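Engineer: any chance you can model this:
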Amino acid sequence: MRFDTVIIGGGLAGMTCGIRLAEAGRSCAIISQGQSALHFSSGSFDLLSKLPDGSDVQDPLEGIAALERTNPEHPYAVMGAERCERYAREAAELLRRAGISVAGDCRGNHFRITPMGKARATWLTIDGYLTAEAPDRLPFRKVCIANVEGFLDFYPEFIAEEFRKYGIECTFASVNLPDLEQIRQNPSEMRSANIARVFDHERNLDALAAQVRDAAAACDALILPAIIGLNRNDSLEVLRAKIPTPLYLLPTLPPSIPGIRAQQALQHRFRALGGEYFLGDSVLRAEYDGNSVKRIFTANHGNIPFEADHFVLATGSFFSRGLVATPDRIVEPVFGADTVATSDRSQWYTLRFFDRQNYQAFGVRTDAALHVVREGRAIGNLYGAGAGLAGFHPVQEGCGAGVSLLSALFAADEILNSHQS
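Structural biologist: Sure, this is the predicted structure:
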């Protein structure tokens, strides 16, 4: 099989790169081993929330300019502040073209409300999810927090405890429907995706609205967990039309409905543009022609190779096995790329869970054009993108989604420019 570009990894970075190339008319294939980390998404996309020294970032683009001066190994610094600004604006539009309605500005973070009710700085948030302009202020005096009986991945009392710190009075409502009884019999089935399938039916949406409408009547806002809209796009609009009280969603613990929907939307957009998506396949080996990848072989396709002019490595980090830790080193398992890591394993992590962990900055070594480096040499037609890149702490710096989106667009531009030259 022959393509202009083959992308290994079907998460946020891989899908973004594939869509950008397909929009430019390039034939692309994405090989994805399984479901991506998007399924754990909060419904928001972070660009940069904190600098490596822990300083809060209000203007992400100013923060990226600071990284250029102080942390040249950071992927944003490698790409450069000017290109990062352009890609940040392009990324938001790419998401919207894929049907993911987001709001936010790369010149000023807003605050998303987490599943525990806390405010966290972010860049883009999917429409319908509760956000704030300041970390200690919500525009409500009284809210109603509703939950499905027996749903344990959403914590109304914890959320209320945080809201009360803002001076907000909280009341509660409980939802129960006959169609929920079958999944309630097994606690492991009482998860957001299964509940959302119940509310994909019109009669159950009507029943949900009827059960919470009166409880929220005297409130400024109704808060629901993200348990609607798995396979339909209008669930929130339908509920809002039936409930006079302003309605907002809060993300739940994974699996994440907004993340699943974002993944589905990106896949649909990629395929609609003519892209080929191979789910459940993994790359076994690569063949080289000098300093270029010639072809790759996968588990599902045996001796039928994928050939391309360009390849993109977007397999992620440890979570998705894009990086593998052995007792003494960090390995990139697809191409055997060089990795950036501390040689002393005792320095990889600390025993304090919330500390800044060194291993989170480990990743694939690349050059200034994000070519992947192998055996000390940059591979001319292989690019790295996403969480597997070295030099950043996605959680502590609040930049995981941003690095994935921007590095994917950077790699796509490098590929398109190489075709033009």
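Engineer: now the strands for the stretch 201-350 of the chain?
Structural biologist: 221-225, 247-250, 276-279, 283-289, 292-298, 306-313, 324-325, 330-331, 339-340 (DSSP state E, counting those that start in this stretch).
Engineer: now those strands as JSON lines including distance to Val403 and mean neighbour count?
Structural biologist: Where you see a C-beta, it was placed from the backbone N, CA and C, and this is true even at glycine. Output for those, formatted as JSON lines (distance: least, Cβ to Cβ, whole Å; neighbours: other Cβ atoms under 10 Å):
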{"stretch": "strand 221-225", "distance to Val403": "28", "mean neighbour count": "25"}
{"stretch": "strand 247-250", "distance to Val403": "25", "mean neighbour count": "22"}
{"stretch": "strand 276-279", "distance to Val403": "23", "mean neighbour count": "17"}
{"stretch": "strand 283-289", "distance to Val403": "22", "mean neighbour count": "14"}
{"stretch": "strand 292-298", "distance to Val403": "23", "mean neighbour count": "18"}
{"stretch": "strand 306-313", "distance to Val403": "14", "mean neighbour count": "24"}
{"stretch": "strand 324-325", "distance to Val403": "20", "mean neighbour count": "13"}
{"stretch": "strand 330-331", "distance to Val403": "18", "mean neighbour count": "18"}
{"stretch": "strand 339-340", "distance to Val403": "15", "mean neighbour count": "17"}
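Engineer: would you list the ones you listed in a markdown table and tack on mean pLDDT and distance to Asp105?
Structural biologist: Formatted as a markdown table, these follow (pLDDT from 0 to 100; distance: least, Cβ to Cβ, whole Å):
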| stretch | mean pLDDT | distance to Asp105 |
| --- | --- | --- |
| strand 221-225 | 97 | 23 |
| strand 247-250 | 97 | 20 |
| strand 276-279 | 96 | 31 |
| strand 283-289 | 94 | 38 |
| strand 292-298 | 97 | 38 |
| strand 306-313 | 98 | 28 |
| strand 324-325 | 94 | 37 |
| strand 330-331 | 94 | 36 |
| strand 339-340 | 94 | 32 |
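Engineer: nearest to Arg112, of the ones you listed?
Structural biologist: strand 247-250 (9.2 Å; Cβ to Cβ).
Engineer: can you tell me what sits against the closest one?
Structural biologist: Contacts to strand 247-250, defined as Cβ atoms under 8 Å, 6 or more residues apart in numbering, come from residues 43, 113-115, 117, 128-130, 154, 159, 221-226, 228, 236, 239-240, 258.
Engineer: do stretch 51-65 as well
Structural biologist: Contacts of stretch 51-65 (Cβ under 8 Å, 6+ apart): 47-50, 66-67, 70-71, 74, 76-77, 81, 84-85, 88, 106-109, 121, 123, 393, 396-398, 402.
Engineer: which PyMOL command selects the buried ones in those?
Structural biologist: Selection of buried members from these for PyMOL, criterion 16 or more other Cβ atoms under 10 Å:
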select buried, resi 47+48+49+50+66+67+71+74+76+77+81+84+85+88+106+109+121+123+393+396+397+398+402
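Engineer: which members of the contacts of stretch 51-65 are positioned in strands?
Structural biologist: Judged by DSSP state E, strands contain the following of the contacts of stretch 51-65: Ala121.
Engineer: one step back: save the strands of the stretch 201-350 of the chain as CSV, and put in distance to Asn204 too.
Structural biologist: Below are these laid out as CSV (distance: least, Cβ to Cβ, whole Å):
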stretch, distance to Asn204
strand 221-225, 13
strand 247-250, 16
strand 276-279, 29
strand 283-289, 42
strand 292-298, 41
strand 306-313, 42
strand 324-325, 43
strand 330-331, 47
strand 339-340, 49
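Engineer: quick one: which of those is nearest Leu351?
Structural biologist: Ranking those by distance to Leu351, with Cβ to Cβ as the measure, places strand 324-325 first at 16.6 Å.
Engineer: mind listing the strands the closest one pairs with, and their directions?
Structural biologist: strand 330-331 (antiparallel) (DSSP bridges).
Engineer: how many residues are close by the closest residue in space to Pro225 that isn't next to it in sequence?
Structural biologist: In this structure, Pro225 finds its nearest non-sequential neighbour in Phe154, 4.0 Å apart by Cβ to Cβ, 6 or more residues apart in numbering. Using other Cβ atoms under 10 Å, Phe154 has 24 neighbouring residues.
Engineer: the lowest-mean-pLDDT helix or strand in the chain - contacts with which helices or strands?
Structural biologist: Least confident element among the helices and strands of the chain, by mean pLDDT, DSSP states H and E: helix 181-184 (a mean of 85). Applying 3 or more Cβ pairs under 8 Å, 6 or more residues apart in numbering; DSSP states H and E, one finds that helix 181-184 contacts helix 192-198.
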